[in-house]
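Trainee: sharing a sequence plus its predicted fold:
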Amino acid sequence: MTAKRSPKTTTPPEEPHTTPMDRVLVLELVRVTEAAAIAAATMIGRGDEKAADQAAVDAMRRALNQLDIDGTVVIGEGERDEAPMLFIGERVGTTRGPKIDIALDPLEGTTITAKAMPNALAVVALADRGNFLHAPDVYMEKIAIGGGFPPGTVDLRRTPAENIQAIADAKGVPVSEITACVLDRPRHAELIDAVRGTGARIHLIPDGDVAGVIATADPDTGVDIYLGSGGAPEGVLAAAALRCIGGQMQGKLLFRNDDERGRAFKVGITDLDRIYDLEELARGNVIFAATGVTSGSMLEGVKRTATGRLTTQSVVMRSKSGSVRWVYTRHGQTKPA
């Protein structure tokens, strides 16, 4: 996952019959992720995860509140880490606009930002009201692949070895040419052994499973499949991105105790064993935007030029059209509003 994209200076013309959400937010949303990324970038390498997260949260809240939307945060910051939050249920925007549900992670990769490692992002996804799974802040088992494969190519009900073989068969290559992306966590020791036992390769990432899922849809990364458990909120964000660019994904909520099960009941989830597919995680008209905080496989991080100006690289995607815009921005000496 080392390949980087060259910024593109052209964008396709806006499609006809856009909804109010499209017209207002396709590019305005980038300003939101840019603000969070620039704020978080001041904390790169400083070893303070919570301070980095707080800077991103504060900047993202300010930027969201300038948008002409009636927005509700349905996927917010994590209670699991006692992090500073844009909390679930928080209302944002001026209220002078469409009713929008918002999934966000102001800093996806707090640890990697604190340690100046690659692939930290500021991420926001929007959908019409009611179109995101209201996932509680628990873990989620995930599996994802890119687009272009027959429906049901992979399935959480199968073993890792069966899924690795299935994606190899679908690609028409030997298993030895398949690369799985997995979060580097002790809980994944058995999964890693199972995947390597097939002869497939593993790309371990220290954090940032939204970028890990998105990597399956980008041939330049060399990642064929994402496997393992991570945050359920991040699962919804990753699903929003795949809805825009194409792919398959399933998620199953994981509960370690009664408190976590209580969080599910609180948001209306009663079937605790349900496996959600991509359309159940994020459906309808979806917009996804991300800005790089630290440079990685997906985006360049925030940089300062010799003249003191900041540069950012972002991506914004739409499920309605399948359009993907790469946005390279040179800012003034102050961060964007």
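Mentor: Done, it's in.

Trainee: in the chain, where is pLDDT below threshold?
Mentor: Low-confidence segments of the chain, defined by pLDDT under 70: 1-24, 77-84, 333-337.

Trainee: how about the helices of it, start to end?
Mentor: Counting by DSSP state H, the chain has these helices, from start to end: 20-25, 28-41, 49-64, 110-114, 160-171, 189-197, 209-215, 232-245, 258-266, 278-281.

Trainee: domain parsing for the chain?
Mentor: The record's domain parsing of the chain by automatic domain parsing lists 20-131+285-330, 139-281.

Trainee: next up, the contacts around the nearest residue to residue 196 once chain neighbours are set aside.
Mentor: What sits nearest to residue 196 in space, not counting adjacent residues and going by CB to CB, 6 or more residues apart in numbering, is residue 202, at 6.2 Å. Yep, even glycine has a C-beta here, placed from its N, CA and C like the rest. Counting by CB atoms under 8 Å, 6 or more residues apart in numbering, residue 202 touches 179-182, 192, 195-196.

Trainee: returning to what we had before: most tightly surrounded among the domains of the chain?
Mentor: The highest average neighbour count among those, using mean count of other CB atoms under 10 Å, belongs to domain 20-131+285-330 at a mean of 21.

Trainee: off-centre distance for it?
Mentor: Relative to its chain's centre, domain 20-131+285-330 lies at 10 Å (CA atoms, centre = their mean, to the nearest Å).

Trainee: centre-most residue in the protein?
Mentor: Using CA atoms, centre = their mean, the residue of the chain that lies closest to the mean C-alpha position is residue 210, 3.5 Å off.

Trainee: which residues touch that residue?
Mentor: Residues counted as contacts of residue 210 (CB under 8 Å, 6+ apart) are 105, 108, 121, 123, 234, 237-238, 241, 290.

Trainee: just send those residues back as CSV, with distance to residue 153 too.
Mentor: Compiled in CSV, the contacts of residue 210 are given as follows (distance: CB to CB, whole Å):
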residue, distance to residue 153
105, 27
108, 26
121, 27
123, 26
234, 22
237, 22
238, 17
241, 19
290, 26
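
Trainee: those strands in the stretch 201-337 of the chain, which residues are they?
Mentor: Per DSSP state E, counting those that start in this stretch, the stretch 201-337 of the chain has strands spanning 201-205, 225-231, 247-254, 275-277, 286-292, 303-304, 310-318, 324-330. These are given in chain order.

Trainee: so for residue 58, which of those strands sits nearest?
Mentor: The minimum distance between residue 58 and the strands of the stretch 201-337 of the chain falls on strand 286-292, with 15.7 Å, by CB to CB.

Trainee: list the contacts of the closest one.
Mentor: With CB under 8 Å, 6+ apart as the contact definition, strand 286-292 has outside contacts at 21-22, 25-26, 29-30, 32-34, 36-37, 108, 120-127, 131, 210, 237, 240-241, 243-244, 298-302, 312-319.

Trainee: so residue 91 sits against residue 72, correct?
Mentor: Yes. In this structure, residue 91 sits in contact with residue 72. The criterion is CB atoms under 8 Å, and the distance is 5.9 Å.

Trainee: ok, now which ones touch residue 264?
Mentor: Applying CB under 8 Å, 6+ apart to residue 264 gives the contacts 136, 138, 253, 255, 270, 272.

Trainee: looking at these, which is nearest residue 160?
Mentor: residue 253 (19.2 Å).

Trainee: who's that closest one bridged to?
Mentor: In this structure, residue 253 bridges to residue 140 when assessed by DSSP bridges.
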